[in-house]
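>>> just need the structure, nothing else, for what follows:
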Amino acid sequence: MAPGTVQMGSFSWNRRLAKYVKAGEYEKTMELFKQMQKKGMRPDRFTFLPVLNACAHLRALEEGRQAHELIMQTGCEADVFVGSSLVDMYAKCGHMEDALRVFNKMPSRDVVTWSALILGHVKYGQGQKALELFRQMQQEGVHPDAVTYVGVLNACVSIMALEEGRCAHEQIIQSGYELDAFVGNSLVDMYVKCGSMEDAWSVFNKMPSRDAVTWTAMILGHVNCGQGQKALDIFQQMQEGVQPDTVWAVVCWNAMIFVHVKCGEGHKALELFQKMLQEGVQPDAVTYVGVLNACASIMALEEGRRAHEHIIQSDCESNAFVGSSLIDMYAKCGSMEEASRVFNKLPSRAVVCWTAMIFGHVKHGEGHKALELFQKMQQEGVQPDTVTYVGVLNACASIMALEEGRRAHEQIIQSGCELNAFVGSSLIDMYAKCGSMEEASRVFNKLPSRAVVCWTAMIFGHMKHGEEHKALELFQKMQQEGVQPDAVTYVGVLNACASIMALEEGRRAHEQIIQSGCESDVFVGSSLVDMYAKCGSIEDACRVFNSMPSHDVFSWNALLGGFAMHGQGKEALVHFERMCEEGVHPGDVTFVCLLSACSHAGFVDEGLHFYSLMTTVYRIPAKLEHCTCMVNLLGCAGHLQEAENIIQGMPCKPDAAVWIALLGACRIHGNLEMGECVAKRVLELEPKIAAGYVWLSNMYAATGNLELSENVE
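Numbering: from 1, shown residues only. As a prediction, this is how the structure comes out:
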C-alpha cells in the first residue's frame with residue numbers, strides 16, 4: 001500500500017478524531033489516538049492532522065514527537081499538510097529549532113506552512129525573524145493569505161516596526177484582504193501599538209463592520225497616547241451607537257476597566273465595576289481578572305476580598321486566569337497566606353497559577369521558596385512557560401543562586417525558550433546580579449534578534465558591576481543597530497551618567513528623552529532630577545522637577561536628596577512641606593534625605609523632629625542609614641552622648657561606619673575618653689580599617705603618650 005493511502009478501517013477513527021478536535025476536546029483526541037494504536041490500526045495523513053492539532057493546543061511536545069516518529073515511519077512527512085501541521089505543533093510547543101528543521105526538509109511549502117512558521121516566531125518574541133521569513137516566502141513565489149498578514153502585522157507590533165507595517169498594509173490593499181475582519185483588526189492594532197492613531201482611525205473608518213476587538217483597540221490606543229478622555233468618549237460612542245448584546249456589553253465594560261488599570265487608576269476601575277453591577281451587566285472571568293489587577297495595583301486588600309466573594313458566587317474561581325489573578329492580588333497586597341490558600345484549593349493548577357505563586361514568593365523576598373515551588377510544579381507534570389522561567393530567574397537573581405540559575409538555563413535551552421526576548425533579558429539580569437558578566441555577555445551575543453529589554457538588561461548589568469562607561473558605550477551601540485531605547489533604558493543610562501558625573505552625556509540623553517516623548521514618565525523624570533543633582537546642577541534638577549506632570553515619592557526623594565547633597569537644608573525642608581501638601585506619603589528614603597540635609601546644614605532641632613516624625617507618626621523603623629545621619633548631626637553639634645545613645649538604641653546591630661561617624665565627632669570636639677572607647681569598637685568590628693588605628697595613635701600622641709602612640713598598629 002502506498003504511503004499516505006487511506007485504509008478503510010481507519011476512516012471511522014479519523015472521522016472521530018476530527019470531530020473531537022473541531023469541538024476543542026483535545027485530551028479526548030489524544031486518548032482516542034492511543035486506543036487506535038492499541039487496536040493495531042495504522043495511522044495515515046488524515047489521522048496525523050487532528051493529532052498534531054491536539055498536540056499543538058495542549059503543548060504536548062513529547063506526544064507530538066512520538067507522532068512525528070510515526071509520521072516518518074509511515075512516509076507521510078513529505079505531505080505538505082502534515083508538514084505544515086508539524087511546523088505548527090513544534091512552534092506552538094516553543095521548539096522553533098525543530099519547527100525550522102521540519103520546514104527546511106519539506107519538498108514543497110505552501111502558504112499554510114510559511115504562516116505557521118511566521119506565527120511561531122512572533123509568539124516567541126522573534127519579530128525580526130518573522131519579517132525576514134515573510135520576505136523570503138514572497139521571493140519563493142508564495143502569496144500571503146489573511147493568516148500570514150495577521151502574523152506579519154503582529155511581528156511589526158512586537159518590534160514597533162511602523163514602516164514595515166505600512167508596507168505590509170500596501171500589500172494587503174493590493175491583495176484585497178483589507179476588508180477581512182481579522183486583518184482589519186490586526187491593522188488597527190498594529191497602528192495603535194506603533195503609535196500612529198491617525199493611520200488607525202483611517203483603517204477603522206473604512207471597516208465595513210467593527211467588533212468589540214476593534215473598538216477595544218481604539219480605546220486602548222488613546223489611553224497609550226495619554227488621551228484618557230478620548231478613550232472614554234469612544235466608550236460612550238459604543239454604548240450610544242451600538243445596541244450591544246450581553247456578550248458585547250461585557251466586553252465593553254471589561255475594556256474600560258482595563259483602561260483604568262493600565263492608566264494606574266485602580267480606584268476608578270473599581271468604581272466602574274460597581275457601576276457595571278448596578279446596571280445589571282453580569283461580570284465574566286475577564287472582568288474579574290481586571291478587577292483583581294486593579295486591587296493589586298493599589299494594594300486594596302479588602303476590595304480584593306470582596307471581589308473574591310463575587311467570584312465564588314459566580315463559580316469563576318476554578319478558572320485558571322482568575323485563580324492566578326487571585327494569587328497575584330493577595331501576594332501583591334501582602335497576604336501570601338491567602339494566596340497559598342487559593343492555590344491549594346484550585347481543582348487543577350495550570351502553569352499560570354504556579355507562575356503567580358513563584359512571582360509572589362519572589363516579591364516577598366522568598367527566593368528559596370520560589371525555587372522549591374518550581375521543582376514541585378515539574379514533579380507534578382506541569383511544564384514551565386516563558387513567564388515561569390522569568391520568575392525563576394528573578395528568584396535566582398534575588399538570592400544570588402548562580403548554580404540554580406545555570407540549571408534553569410539548561411532547561412530553558414531544552415524547552416526552546418532561550419530566544420524569547422524576556423527570557424533572554426532575565427538570563428542576562430540573573431547572570432549579572434550573580435556576578436558573572438561573562439555569562440551575561442555570552443547570552444546577549446547569542447540572541448538572534450536583541451530587543452530593547454535585552455540591551456537594557458546589559459546596560460543595568462554593567463552598572464551593577466561599576467562599569468558605567470561600558471553601559472554608555474552599549475547605549476550608543478544599541479542605537480547604531482537601530483534599537484530604540486524605552487523609558488527603562490533611559491533610567492539606566494541616566495543612573496550611569498549620575499554615577500560618573502557625566503553631565504554632558506546626561507544632557508544629550510535628556511535631549512533624546514524629549515524627542516522620544518518619555519520625559520513625562522515619572523521614573524524617567526525622577527532619574528533626570530537625580531542625574532542633574534549628582535552632576536552638580538541643582539538648577540537643572542529643579543527645572544525638570546517643576547516641569548513634571550505629576551510627582552511620586554521617588555521624584556520627591558530625588559529632589560530632596562539633591563538639596564541635601566548641595567547643602568541646601570532650608571530648601572529640602574520647604575519642599576518636604578510641599579510634598580506633604582500634595583498628599584505624597586514619605587518613605588524611609590525620604591527621611592534619609594531629610595536627615596542628611598539637616599546634618600549638612602547643622603539643623604539639630606529639625607533633625608530630631610524628623611527622626612521622631614518618622615518613627616512615631618509614619619511608623620517607619622529606623623535603619624542604619626537614618627542612625628548614621630543622626631550620629632553625624634548630633635556629633636558635629638557636640639552632642640556626643642546623645643549620638644552614642646542613638647547607636648545604643650538602634651533596632652539593628654551597628655556597623656563600623658556608624659561608630660566611625662561618632663569617632664570623627666570625638667576627634668573634632670577633643671573627647672579623648674569617649675574616642676578611645678569608640679575606636680576600640682571600630683577595631684573590634686573591622687580590624688583592617690585604618691581609621692581606628694590612626695585615631696588612637698593621634699590621640700595618644702596629643703596627650704603625650706608617645707610610647708602608646710608608636711605601639712598602635
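
>>> show me the contacts for the residue most central in space within the chain.
Among the residues of the chain, Phe422 comes closest to the average C-alpha position under Cα atoms, centre = their mean, at 8.3 Å. Applying Cβ atoms under 8 Å, 6 or more residues apart in numbering to Phe422 gives the contacts Gly125, Thr386, Val387, Val390, Val453. Glycine gets a C-beta too; all of them are placed from N, C-alpha and C.

>>> now it: how far from Thr456?
11 Å (Cβ to Cβ, to the nearest Å).

>>> could you do Leu301 as well?
For Leu301, the distance to Thr456 - Cβ to Cβ - is 32 Å.

>>> between these two, point out the one with more neighbours.
Shown here are Leu301 and Thr456; by other Cβ atoms under 10 Å, Thr456 has more neighbours (26 against 17).

>>> OK, contacts around that one?
Here Thr456 is in contact with Ser425, Pro485, Asp486, Val488, Thr489, Gly492 (Cβ under 8 Å, 6+ apart).

>>> the fifth one: which element?
For Thr489, the element it lies in under DSSP states H and E is helix 487-499.

>>> for whichever helix or strand comes after that helix, packing partners?
Moving toward the C-terminus from helix 487-499, the next helix or strand (DSSP H and E) is helix 503-516. Packing contacts for helix 503-516, counted by 3 or more Cβ pairs under 8 Å, 6 or more residues apart in numbering; DSSP states H and E, involve helix 487-499, helix 522-534.

>>> what's the first one in contact with?
It stands for helix 487-499. Residues beyond helix 487-499 that count as contacts (Cβ under 8 Å, 6+ apart) turn out to be 452-453, 455-456, 459-460, 462-463, 468, 471-472, 475, 478, 485, 502-503, 505-506, 509, 512-513, 516, 518, 521, 523-524, 527-528, 530-531, 534-535.

>>> now list the buried members of those residues.
The neighbour count (16 or more other Cβ atoms under 10 Å) marks 452-453, 455-456, 459-460, 462-463, 468, 471-472, 475, 478, 485, 502-503, 505-506, 509, 513, 516, 518, 521, 523-524, 527-528, 530-531, 534-535 as buried among these.

>>> give me the number of residues near Ser175?
16.

>>> any buried residues in stretch 284-304, and which?
Buried-residue list, stretch 284-304, by 16+ other Cβ under 10 Å: 284-298, 300-301, 303-304.

>>> I should have written stretch 267-284 there, sorry.
Lys268, Ala269, Leu270, Leu272, Phe273, Met276, Val281, Pro283, Asp284.

>>> thinking Lys230 is in contact with Met218, fair?
No: using Cβ atoms under 8 Å, Lys230 is not in contact with Met218; the gap is 9.2 Å.

>>> quick one: which of these two has more around it?
Between Lys230 and Met218, counting by other Cβ under 10 Å, Met218 is the more crowded of the two (26 against 16).

>>> stretch 218-231: end-to-end distance?
Length of stretch 218-231, first residue to last, Cα to Cα, to the nearest Å: 8 Å.

>>> now Met41. Nearest residue, chain neighbours left out?
Ser10 (5.3 Å; Cβ to Cβ, 6 or more residues apart in numbering).

>>> so what touches the helix or strand harbouring the one you found?
Assigned by DSSP H and E, Ser10 belongs to helix 8-22. Applying Cβ under 8 Å, 6+ apart, the set of residues contacting helix 8-22 from outside is 6, 26, 28-29, 32-33, 36, 41-44, 46-47, 49-51, 53-54.

>>> domain parsing for this structure?
226-348, 640-711 (automatic domain parsing).

>>> out of the ones you listed, which gets nearest to Leu153?
domain 226-348 (20.3 Å; Cβ to Cβ).

>>> what average pLDDT does the closest one get?
For domain 226-348, the mean per-residue pLDDT is 83.

>>> least confident secondary structure element in this protein?
helix 706-711 (a mean of 60; mean pLDDT, DSSP states H and E).

>>> ok, which stretches of the stretch 151-300 of the chain are strands?
For the stretch 151-300 of the chain, applying DSSP state E, counting those that start in this stretch gives no strands.

>>> related to what we said a few turns ago, pick the most deeply packed of the domains of the chain.
domain 226-348 (a mean of 18; mean count of other Cβ atoms under 10 Å).

>>> thought Tyr618 was touching Pro586?
Yes: with contact defined as Cβ under 8 Å, Tyr618 and Pro586 form a contacting pair (6.4 Å).

>>> between those two, which has more neighbouring residues?
Pro586 (22 against 13).

>>> contact partners for the more buried one?
Val553, Trp556, Phe576, Met579, Cys580, Met614, Tyr618.

>>> so which of these wins on neighbours?
Trp556 leads the contacts of Pro586 on contacts (other Cβ under 10 Å) with 25 neighbours.

>>> packing partners for whatever helix or strand that one lives in?
Taking DSSP H and E as the criterion, Trp556 maps to helix 553-565. Contact here means 3+ Cβ pairs under 8 Å, 6+ apart; on that basis helix 553-565 packs against helix 522-534, helix 538-547, helix 569-581, helix 588-601.

>>> redo those helices as a markdown table? Include mean pLDDT.
A markdown table is the format used below for these (pLDDT from 0 to 100):
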| stretch | mean pLDDT |
| --- | --- |
| helix 522-534 | 94 |
| helix 538-547 | 95 |
| helix 569-581 | 95 |
| helix 588-601 | 94 |
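
>>> check contacts around the closest residue to Glu338 other than its chain neighbours.
Residue nearest to Glu338 in three dimensions, not counting chain neighbours: Tyr330, with 4.2 Å by Cβ to Cβ, 6+ apart. By Cβ under 8 Å, 6+ apart, Tyr330 lies in contact with Leu301, Gly304, Met336, Glu338, Ala339, Val342, Gly360.

>>> if we take those, which one ends up nearest to Tyr90?
Gly360 (32.2 Å).

>>> tell me which element that closest one is part of?
helix 351-363.

>>> name the helices or strands packed onto that helix?
helix 320-332, helix 336-345, helix 367-379, helix 386-398.

>>> what's the angle from the first one to helix 386-398?
So the one you mean is helix 320-332. 20 degrees (axes from the mean of the first three to the mean of the last three Cα atoms, to 10 degrees).

>>> tell me what angle helix 320-332 forms with helix 336-345.
160 degrees.

>>> the third one too?
Between helix 367-379 and helix 336-345, the angle comes out at 0 degrees (the same axes, to 10 degrees).

>>> and the contacts of helix 367-379?
349, 351, 354, 357-359, 361-362, 384, 388, 391-392, 395-396, 398-399, 401, 404, 408.

>>> check the last one too.
Applying Cβ under 8 Å, 6+ apart, the contact partners of helix 386-398 are 94, 124, 351-352, 354-355, 358-359, 361-362, 365, 367-368, 370-371, 374, 377, 384, 401-402, 404-405, 408, 411-412, 415, 417, 420, 422-423, 426-427, 429-430, 433-434.

>>> show me what whichever helix or strand comes after that helix is packed against.
Counting by DSSP H and E, the next helix or strand C-terminal to helix 386-398 is helix 402-415. Packing contacts for helix 402-415, counted by 3+ Cβ pairs under 8 Å, 6+ apart, involve helix 386-398, helix 421-433.
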